[in-house]
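> Just a sequence and a predicted model for now, questions to come.
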Amino acid sequence: MLQQRTLKTLTRAVGVGLHSGQRVELTLRPAQPDTGIVFRRVDLPVPVDIPVSAQAVTDTRMASTISRGGAKVHTVEHLMSACAGLGLDNLYVDITAEEVPILDGSSASFVFLLQSAGIELQQAPRRFIRVLRPVEVREGEGENLKWARLAPYHGYKLAFEIDFDHRVVDSTGQRFEFDLSTGSYARDIARARTFGFTKDLEMMRASGLALGGGLDNAVVMDDYRVLNADGLRYDDEFVKHKILDAMGDLYLVGKPLLAAYSAFRSGHAMNNKLLRALLAQPDAFEVVSFDDEKQAPAGFARPARAW
Ligand SMILES: [Zn+2]
């Protein structure tokens with residue numbers, strides 16, 4: 001049987017929120033089979049649990065925000081991406097403020113935390129959402145066109161294309177495909193950082209966003225160049241970060257997908273719209289598990305690979 005996974009032991013991190021600039025403590029704890037991933041606001045007078053789901057996503061401006069009642073957690077996508085990349089099914093995320101810490105702007109620190117705590121196999125079958133027919137969402141036309149799509153695939157792969165009219169981004173790869181069966185999430189995707197442009201940063205700060213953002217947690221560019229002293233971590237770090245984000249956004253559906261995701265200029269809003277479009281068509285997917293690990297797609301049966 002292909003089994004569900006949780007952490008062996010709890011682990012902690014402290015950082016600041018990208019947008020709020022607020023100090024926040026995060027405690028990642030093992031959870032029982034079929035718990036899923038549950039964020040818990042432990043700073044509220046009565047702690048509130050927010051289980052992840054496509055419907056729990058209530059705001060997608062700048063980051064993916066989940067909420068329940070009045071309780072919110074902003075910027076969940078990088079931690080969710082690390083959970084997707086490492087194949088973690090069950091986890092409690094205790095958090096002391098309303099935004100996940102940005103750490104270094106990628107998911108590498110989360111991968112390191114989760115791998116250090118160790119991954120435990122559980123006595124319950126891992127359940128996947130298998131896409132049975134293509135589902136697509138599309139917006140705009142011409143230079144405003146963007147789309148995202150899920151299609152049947154025995155495995156999980158993501159192909160992303162960005163289209164930034166900027167000399168730095170333009171000179172790097174604007175398209176990348178990552179297949180979980182043949183690639184290594186920790187090596188190929190996790191280190192890609194959030195990126196932004198100085199002019200947007202100034203605008204965002206003026207409206208109270210990106211208060212915790214800077215050169216130690218984002219790739220920052222002016223009109224001509226990357227301002228970070230060490231440059232880029234991957235030649236195509238920008239498009240790889242979009243794949244990192246998409247993996248996090250899509251894992252909010254609550255189960256790993258068996259599908260080929262492809263997207264052109266998609267973002268948090270469109271990724272969530274795609275999940276809702278999928279769930280609205282019950283004949284477009286089924287929930288499956290694998291009694292025989294050999295029937296599972298290559299790469300899924302093995303524990304997550306280290307660096
Ligand atoms: Zn991101």
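Sure, I can see it.
> Tell me the bridge partners for residue 257.
residue 129 (DSSP bridges).
> contacting residues around it?
128-131, 150, 156, 250 (Cβ atoms under 8 Å, 6 or more residues apart in numbering). Using the backbone N, CA and C atoms, a C-beta is placed for each residue, glycine as well.
> run the last query once more with 10 Å
84, 128-131, 150, 153, 155-156, 158, 180, 247, 250-251, 275, 278, 285 (Cβ atoms under 10 Å, 6 or more residues apart in numbering).
> any idea how far residue 35 is from the ion?
Note on residue 35: its distance to the ion, by Cβ to the ion, to the nearest Å, is 25 Å.
> ignore the last one, residue 273
For residue 273 relative to the ion (Cβ to the ion), the value is 17 Å.
> Helix, strand, or coil at that residue?
Recorded secondary structure, residue 273: helix (DSSP: H, G, I helix; E, B strand; the rest coil).
> gap between it and residue 115?
32 Å (Cβ to Cβ, to the nearest Å).
> now swap in residue 272 and tell me
Relative to residue 115, and taking Cβ to Cβ, residue 272 is found at 28 Å.
> what does this structure put close to the ion?
194, 245 (Cβ under 5 Å from the ion).
> where does the chain dip in pLDDT?
302-307 (pLDDT under 70).
> longest helix of it?
Criterion DSSP state H: the longest helix present in the chain is helix 237-251.
> Pull out the buried residues from that one.
With burial defined by 16 or more other Cβ atoms under 10 Å, the residues of helix 237-251 counted as buried are 237-251.
> residue contacts, the spatially most central residue of the chain?
Geometric centre of the chain, nearest residue: residue 248, 1.6 Å, by Cα atoms, centre = their mean. Contact analysis of residue 248 by Cβ under 10 Å, 6+ apart lists 63-64, 75-85, 107, 110, 268, 271.
> again, only this time at 6 Å
77-78, 80-81 (Cβ atoms under 6 Å, 6 or more residues apart in numbering).
> Over to residue 23?
residue 16 are the contacts of residue 23 under Cβ under 6 Å, 6+ apart.
> And the closest residue to the ion within the stretch 101-250 of the chain, how close does it get to residue 252?
The nearest approach of the stretch 101-250 of the chain to the ion comes at residue 245, 4.1 Å away (Cβ to the ion). Counting by Cβ to Cβ, the separation of residue 245 from residue 252 is 11 Å.
> before we move on, the earlier item: so residue 272 and residue 115 - more neighbours on which side?
A side-by-side neighbour count of residue 272 and residue 115, using other Cβ atoms under 10 Å, places residue 272 first with 24 against 19.
> was I right about that one contacting residue 55?
No: using Cβ atoms under 6 Å as the test, residue 272 is too far from residue 55 to be in contact (9.4 Å).
> all helices of the stretch 101-250 of the chain, in order?
With DSSP state H, counting those that start in this stretch as the criterion, the stretch 101-250 of the chain has helices at 108-117, 167-170, 185-188, 198-206, 237-251.
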